[in-house]
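Asker: need coordinates for the following:
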Amino acid sequence: MNVPYEHSAASQALQLLHQRRSIRAFTNQPVPQALLEQLLQAARAAPSGANLQPGRFIQVCGNARIELSNALLRNRQNEVEEREDYGYFPRPMPMQLRKRQVAAAQALYSAIGIARDDAPGRESQFERNYRFFDAPVALIVTIDANFGAGGYMDLGMALHGLQLAASAVGMGSCAIGAMASHAQTIREVLQLPADQHIVCGVALGWPDMSAPVNQTITQRLPLSVYFEQRSETHFCSHSEAARCPTPTA
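Answerer: Residues are numbered from 1 along each chain as shown. Have a look, this model is predicted:
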């Protein structure tokens, strides 16, 4: 006898996908190394074209973490600009995407009570990216420079797998794209070779759900915006439209 869908493990898994959110405040409870390794092994179970499994996860601990955060904060405070290893945002940013970016920022700063004109408050919150939000686990994610765009797709699936695995055991995480803006500094501090492109950072640990920042909720697009169905096998270009035969019932 089939288990009713609403009570099935599949339903619980779907709920996990919807409940995952970026966590930016953590308790000081340590993460056992064995558990971290289990999460990373789960992440590596993600799909990978030709099973190439691109990307590396580098845990930054102790003095190395302190030195890295200090160097990144100095860059930010001194307005040091570095060339990113890959382009994240479209340039120029289309207005419809800019609106989504602004809405996400408004959701974050509203949750923590920082006004739009509070530049120091916003800067202080942004600088927390470079401290990995004080999470017990700090990761830098890299990819070999010789990989094409498909490697980033595979690595992105592994990153999502890591975040879902963390959620499944009651942990929280936040991918930190701001790290990519200081690729050369990260390579220098961590003594990484030039062919290791800096993709992002990851903060990982046990979420402090009493922190207002963790109440941030962003809205995802409605299905109608990004999903469509095609039932015809032949489509005409605009110039051919006048010559295209009209389907009969």
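
Asker: my read: residue 129 touches residue 178, true?
Answerer: Yes: counting by C-beta atoms under 8 Å, residue 129 sits close enough to residue 178 to count as a contact (4.2 Å). From N, CA and C alone the C-beta is placed, and that goes for glycine too.

Asker: which one's more surrounded, these two?
Answerer: residue 129 (21 against 16; other C-beta atoms under 10 Å).

Asker: pretty sure that one belongs to a helix, no?
Answerer: Yes: the assignment for residue 129, made by DSSP: H, G, I helix; E, B strand; the rest coil, places it in a helix.

Asker: contacts only, for it.
Answerer: For residue 129, the contacting residues are 176, 178, 179, 201, by C-beta atoms under 8 Å, 6 or more residues apart in numbering.

Asker: give me the phi and psi for residue 63.
Answerer: phi -60, psi -30 (degrees, to the nearest 10).

Asker: from the contacts of residue 129, which two are the most distant?
Answerer: Spanning the widest gap among the contacts of residue 129 are 178 and 201, at 7.6 Å by C-beta to C-beta.

Asker: so for the chain, the centremost residue is which one?
Answerer: In the chain, the centroid-proximal residue (C-alpha atoms, centre = their mean) is residue 175; its distance is 3.9 Å.

Asker: didn't that residue look like it was pressed against residue 163?
Answerer: Yes: when contacts are counted by C-beta under 8 Å, residue 175 is listed as touching residue 163 (7.1 Å).

Asker: any shared contact partners between residue 129 and residue 178?
Answerer: With C-beta under 8 Å, 6+ apart, residue 129 and residue 178 have common neighbours residue 201.

Asker: quick one, strands of this structure?
Answerer: 56-59, 137-144, 172-176, 196-205 (DSSP state E).

Asker: of these, which approaches residue 23 most closely?
Answerer: strand 172-176 (3.0 Å).
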